[in-house]
Every structure is written in structure tokens, then in C-alpha cells.
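Undergrad: Whatever this is, show me its structure:
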Amino acid sequence: MSHLRINPSLPVVVLGFGHGGLGVARSLGRLGVRVHAVDPDPAAAGLASRYVESAHAWDCAGASVSDSLGFLDDLGRRLGPALLLPTTDATAVLVAEHSDELAPRFLFPRPPRALVRRLTDKREVFRLANEFGVPTPLTVFPRSRDDVERFLADARFPMVLKPIDPTRFERRTGRRLAIVATPDALLSRYLEWEDRAAPNLMLQEHIPGGDDAVWMFNGVFNEWSECVAAFTGRKLRQHPGYGGATSLGVCERNDHVERLTSDFMWALGYQGVLDVGYRYDARDGLYKLLDPNPRVGATFRLFLDAQGLDVVRVLYCDLTRQPVWPTRVREGRKWLVEDRDLESSLAQIRAGTLTPRRWLASFAGVEEAAWFARDDLRPFLRVAGRLLAQAARAVGRRLGAALRAAASLPGVARVFTPRTLALAPPSDWNAELWRHMIPPDYGWLLCGVTAPGYVWSAGGLDAEHGSTNPEDVAVPIAFYGASIAAQRVARQVLSHPNREGTDP
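TA: Below is the predicted model of the structure:
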């Protein structure tokens, strides 16, 4: 528990309430600050937090700018002066580009208006990086098939195919990115994914290394673009793999990343909170810029100093003229996003890049989670309840499919004992099937329904590509447990005195 004491009289309005917004509410709420949440989803898990003073349903990205400004003006009139804190790119751009309209009601950093939009546009980010000498992966932005084919003439593989606007791309395709190994695969995927009316794909050099090659910087820049707080760390896992958000991270000092970012933002004249990532390229020893976020990042609670200061607390104190002096990041501190890290870990285990033992060992040093908090359980319970409901629906669907498939097999109702299974001739294909699928120590089985191997195949797991769907994890486990229970029931039935001599 932090012993930091501040004047908490200025309330805060948080725009966007995923687990990053929840982190803001907990960080400031524990200091006595009143936090008001704005999110398009009225059932968002974070809104259940005890540290949310009021929740307001509004989609700043989907509504017109004039309607959003009217909503915020009305909210500000009712709340009184408040600090406005965006947590998404869309809300960060809204606040920056309409700062004059919002200033009478709210307090917030005032970077150059056009800069925030440029930092959320991948094309502009790479132009700025090249202008100021910040290393980046080799990146091109094709406008047509001809552009891609010209690039392929000299390209080195593998390459990363990713969107310029991830939100629009995911809404259209349901994907995040692809790592492609050949020119033909790249061209095929580009033609499949590209929106020809509004091109939205970029081709980027693939930098070798795992998730842990990504370094992060979180900092606060004051009105003179001086870095008044700087924290660095490293991703250990991300969701989805290679190009996703942090699901497990660790604090580690990196003076080079800190200096590189501070100099870049000072040159740009940036103000406010910044979250940015770099991928370390062992081939040339350079840290190469990925995606800067000119706002509070979802991972910000990973980064704490010995006083309990994070970037949100530093920003609050800076804007309210309460001096604080952040110290170095607490090295070795870990933070995770429970649901996303489970999916990422299982994907890596399936791919053979993570063992169960290493997975368990990776949690050493975890001090905080995105959803779970002892003093604020309701968001975690809401997330857990949704996952359980999702898994239960999947169990029902797959059990029904397994039973229908099993009912079509001849002899599916037969029950084997170890003796009769051993005596069954090779011509009895039903017995032969279970003989090969069931480990010898599972002596009692109910064909078609209780055999774990059969249910896995009927359950439809994607063995070729693997799946990060939590249903694919919960369902086989549930079926496997049910199969063992059914075997025990079969053992009791077959061993009953009235059943002696009635083995099939």
C-alpha cells in the first residue's frame, strides 16, 4: 500500500474503461480522488470497481465530434472542474484537436494539436522517426498490388503484414497481423486482407526474437516537454503473440531506451503521458521504434517507483501543481493481464515454445494484476463469470456434437471391462479403436462418450494451427474430467453383484 499523500480535490474523467481505465481508477481512487468513467459498453467489467464514482455510457469513437463535445460539456458542467484523461487513440485525438472547446470544463496536457494525430498514424510515426534519427524496422506502405510486387523484388523474409489502423482492420477481418515466410504467401494474404477502397496495410521487416525482445517506456512530459518521470521495462508475453499488448511484463532499467525517447519527445514538443515500445534487434544492436501511444497505456500499472508513483499519479500531481520527485523503477516487479496471459501462454505451450514448468516459474515476482485486486474484487469476478459462461456454452455445444457423433457409431452403448477389451478380437473395430486411444491405466470406459481421445477429436480442436480461444482450453479439460467420472460409474455398475457374468 502506498504511503503517498496528495490533495485529491480535483476529480478525474477517464475516457475509455478497459483494464487500463480500471488501473487509473484504482491508482487515483486509493489516494482519495473521485474517478468518473466514460465507456461505450455500460457492462464493461471495470465499471464494477468500487473506485468508480459514476459511470457514463458514451462512444466517443462512434459518435460525431459535435455530439461528443456536447456530451463532455454537459458532464463537465455537472461535475465541475476535472482532469480529463483519454486512454484510447480516438479519445486522445479528440481531446488534442478540440482542446479549446474542452478547456473551459477540463484540465489536461496541451501538446501541439497536430502532433497527437501524427503519433497515432503509423505512416506519420515512421516519417517523424526518420526525420529525427530514431531507428525503425524497414517499413513500406503499399497502395496497390503493383507496389507489393515491386517491394517483393528485394524483400527479405519473413515479413510482417499488419494494419495501419488496427481497430478498422480487426472490425473488418477479425485479425491482427500475419508473419509470412514467402513472397507468394505475402501477396496472397495482402490481396485477401487489403481494403482496396481505403488501403490499410503495411509491410514491415520481421525482427528476430520473442516477446521478451520488446522494451517499453512509460513517462510524463511537462509543459516544456521535459521528462519528469521515466520508467522502462520489458514484455515477457503479449497477446496476441509478436504484435500484441503486454499480458505479462517486468520492470527493468534501460538508460538507452529512456534517453532515446526523452530526446525524441523533446524534439517534437510533446506534453503529457507517453507509452511507447521498441523491439531490440540483436543483428545490429539497435532499439527500433514500434508504436507510440500519446496517452495513458493499458500497461501503465506495471511501472512503479519505491514511493508508489506511476505515470497517472505523476501527471495528476504535475497538472495540479503538487511537486513529486519520482525515483527509479522498481526492477523485477511484474504485472499481468490474467485472461489474456492465459490465452497467450496456452498458445505458446501448444507451439512448443513454452513448457508448463517455465510457465509457472514466469509468475515469480508478479505483484499486481489487471483485474484482480483484494480491495476491489468485483471487476475480476465479472471477467471470471463471463469466461465461465463462455466455457459452459461451449461445453454444451461440443457435448451435443460428441453425443450425436457417438450415437452414429455401431456398438456405441457397449461397456468394456479390462478383461473383455483384452479378449475382443482384432475384427471388433470398436474395441480396437478404444484400445489404441485410452491409456492402459484407465481400465473402465464407456465407448464414444467417456473416452477422452474421442471427445477431443469430436470437440473440434484446431490441431494444425492451434487456438487461443479459452473455450478450446476449458472444454477438453471438462470433457476429460467427465470421462474419468463416467469410468468410475461404469466400474461401480459392472462390479455390482447383480451384474456378475453379464459382461458383453
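
Undergrad: biggest strand in this structure by residues?
TA: Once the chain is assigned using DSSP state E, the strand that runs over the most residues is strand 227-239.

Undergrad: so how far is that strand off the chain centroid?
TA: Chain-centre distance of strand 227-239: 15 Å, with Cα atoms, centre = their mean, to the nearest Å.

Undergrad: Pull up the pairing partners for that strand, direction included.
TA: Sheet pairing of strand 227-239 (DSSP bridges) gives strand 214-221 (antiparallel), strand 245-251 (antiparallel).

Undergrad: Now render those strands as CSV, adding distance to A391, mean pLDDT and mean neighbour count.
TA: Just so you know, the C-beta spots here come from the backbone N, C-alpha and C atoms, and that holds for glycine as well. Shown next, in CSV, are the strands paired with strand 227-239 (distance: least, Cβ to Cβ, whole Å; pLDDT from 0 to 100; neighbours: other Cβ atoms under 10 Å):
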stretch, distance to A391, mean pLDDT, mean neighbour count
strand 214-221, 30, 97, 26
strand 245-251, 19, 95, 24
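
Undergrad: Kindly present these as TSV, with separate columns for distance to R237.
TA: Shown next, in TSV, are those (distance: least, Cβ to Cβ, whole Å):
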stretch	distance to R237
strand 214-221	10
strand 245-251	4
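
Undergrad: Please, where are all the helices along the stretch 251-400 of the chain?
TA: 255-268, 311-319, 338-351, 356-361, 378-407 (DSSP state H, counting those that start in this stretch).

Undergrad: The ones you listed: which one's closest to F157?
TA: The closest approach between F157 and any of the helices of the stretch 251-400 of the chain, judged by Cβ to Cβ, belongs to helix 338-351 at 19.5 Å.

Undergrad: Just the buried residues of the closest one, please?
TA: By 16 or more other Cβ atoms under 10 Å, the buried positions in helix 338-351 come out as 338-350.

Undergrad: C-alpha coordinates for that helix, PDB please?
TA: Extracted in PDB, the C-alpha atoms of helix 338-351 (Å, rounded to 0.1, in the frame of the first residue of the first chain):
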ATOM      1  CA  GLU A 338      -5.000 -12.700 -16.300                       C
ATOM      2  CA  ASP A 339      -7.300 -13.700 -19.100                       C
ATOM      3  CA  ARG A 340      -5.100 -12.600 -22.000                       C
ATOM      4  CA  ASP A 341      -1.900 -14.100 -20.500                       C
ATOM      5  CA  LEU A 342      -3.700 -17.500 -20.100                       C
ATOM      6  CA  GLU A 343      -4.500 -17.500 -23.800                       C
ATOM      7  CA  SER A 344      -1.000 -16.400 -24.800                       C
ATOM      8  CA  SER A 345       0.600 -19.000 -22.600                       C
ATOM      9  CA  LEU A 346      -1.500 -21.800 -23.900                       C
ATOM     10  CA  ALA A 347      -0.800 -20.800 -27.500                       C
ATOM     11  CA  GLN A 348       3.000 -20.900 -26.700                       C
ATOM     12  CA  ILE A 349       2.700 -24.300 -24.900                       C
ATOM     13  CA  ARG A 350       0.900 -25.700 -28.000                       C
ATOM     14  CA  ALA A 351       3.600 -24.300 -30.200                       C
END
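
Undergrad: and it, how far from the chain's centre?
TA: Helix 338-351 sits 11 Å away from the centroid of its parent chain (Cα atoms, centre = their mean).

Undergrad: I'd like the mean pLDDT over it, please.
TA: Average pLDDT, helix 338-351: 89.

Undergrad: elements contacting it?
TA: strand 227-239, strand 245-251, helix 356-361, helix 378-407, helix 470-495 (3 or more Cβ pairs under 8 Å, 6 or more residues apart in numbering; DSSP states H and E).

Undergrad: which parts of the shortest one are buried?
TA: By neighbour count on 16+ other Cβ under 10 Å, the buried set for helix 356-361 is W359.

Undergrad: And for that helix, what's in contact with it?
TA: Applying Cβ atoms under 8 Å, 6 or more residues apart in numbering, the external contacts of helix 356-361 come out as 345, 348-349.

Undergrad: Just put the residues you listed in a markdown table and tack on distance to F132.
TA: Below are the contacts of helix 356-361 laid out as a markdown table (distance: Cβ to Cβ, whole Å):
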| residue | distance to F132 |
| --- | --- |
| S345 | 37 |
| Q348 | 36 |
| I349 | 41 |
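
Undergrad: which among the buried residues of helix 338-351 gets closest to L85?
TA: Taking these together and measuring to L85 by Cβ to Cβ, the closest member is R340, at 22.6 Å.

Undergrad: And for the closest residue to that closest one other than its chain neighbours, the neighbour number?
TA: Nearest non-adjacent residue to R340, counting by Cβ to Cβ, 6 or more residues apart in numbering: H239, 3.9 Å away. Residues contacting H239 under the criterion other Cβ atoms under 10 Å number 22.

Undergrad: Isn't H239 up against S344?
TA: Yes. H239 is within contact range of S344, at 4.5 Å (criterion: Cβ atoms under 8 Å).

Undergrad: any idea which of the helices of the stretch 251-400 of the chain is most buried?
TA: helix 311-319 (a mean of 24; mean count of other Cβ atoms under 10 Å).

Undergrad: how much does that helix deviate in direction from strand 214-221?
TA: 20 degrees (axes from the mean of the first three to the mean of the last three Cα atoms, to 10 degrees).

Undergrad: gap between R143 and I6?
TA: Going from R143 to I6 by Cβ to Cβ, to the nearest Å gives 50 Å.

Undergrad: Pick out whichever of those two has more residues nearby.
TA: Set R143 next to I6 and count neighbours by other Cβ under 10 Å: I6 wins out with 16 against 11.

Undergrad: Ramachandran angles for the more buried one?
TA: With angles defined as degrees, to the nearest 10, I6 sits at phi -140, psi 170.

Undergrad: Surely D376 is in contact with L47?
TA: No. Contact between D376 and L47 fails when scored by Cβ under 8 Å: they sit 12.0 Å apart.

Undergrad: Pick out whichever of these two has more residues nearby.
TA: Set side by side, D376 and L47 show more neighbours around L47, with 23 against 20, by other Cβ under 10 Å.

Undergrad: Please determine how far that one is located from G210.
TA: Computed with Cβ to Cβ, the distance linking L47 and G210 is 35 Å.
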